[in-house]
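Undergrad: Everything below, folded, please.
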Amino acid sequence: MIIKMKGGDRMRAYIFIKTKPGTSEEVVKRIKSNVKEVVQADSIYGRFDAVIIIEAPNLEDINEILYKVIERDPHIIHTETSLVLSS
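TA: Reported below is the predicted structural model:
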């Protein structure tokens with residue numbers, strides 16, 4: 001699904017992240033500062049330790065951000081990504 005937004009069409013993804021114990025705040029800060037496509041990034045309680053919302057022009061860009069930047073962080077154990085269908 002492509003979301004109509006100011007500046008053009010974008011795709012939005014929610015990336016749920018499991019981190020090594022005690023590292024979620026550090027991971028969130030690092031991702032926020034290194035990934036310009038981040039709309040929101042929060043350290044959370046529950047099954048996952050963080051959630052990152054990104055917007056990019058297409059699925060290929062989301063994949064690149066996910067695999068080349070986020071999943072290479074040594075403190076990240078696991079991610080699950082959900083793409084927005086409607087907004």
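Undergrad: Can you point out the buried residues in stretch 10-20?
TA: Applying a neighbour-count criterion of 16 or more other CB atoms under 10 Å, the buried positions in stretch 10-20 are Arg10, Met11, Arg12, Ala13, Ile15, Phe16, Ile17, Thr19. (C-beta placed from N, C-alpha, C; glycine too.)
Undergrad: Strands of the chain, residue ranges please.
TA: Assigned by DSSP state E, the chain shows strands spanning 3-5, 8-19, 38-43, 50-56, 76-83.
Undergrad: highest average neighbour count across the ones you listed?
TA: strand 50-56 (a mean of 20; mean count of other CB atoms under 10 Å).
Undergrad: List of residues touching it?
TA: 3, 5, 10-17, 19, 24, 27-28, 31, 35, 37-44, 62, 65, 70 (CB atoms under 8 Å, 6 or more residues apart in numbering).
Undergrad: starting at the chain centroid, how far to that strand?
TA: Relative to its chain's centre, strand 50-56 lies at 3 Å (CA atoms, centre = their mean, to the nearest Å).
Undergrad: Output that strand as PDB, nothing but the C-alphas.
TA: Output of strand 50-56 as PDB, limited to C-alpha atoms (Å, rounded to 0.1, in the frame of the first residue of the first chain):
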ATOM      1  CA  ALA A  50      11.500  -1.200  20.600                       C
ATOM      2  CA  VAL A  51       9.300  -0.100  17.700                       C
ATOM      3  CA  ILE A  52      10.500   1.900  14.700                       C
ATOM      4  CA  ILE A  53       8.200   3.500  12.200                       C
ATOM      5  CA  ILE A  54       9.800   4.300   8.800                       C
ATOM      6  CA  GLU A  55       8.400   5.800   5.600                       C
ATOM      7  CA  ALA A  56      10.100   5.200   2.300                       C
END
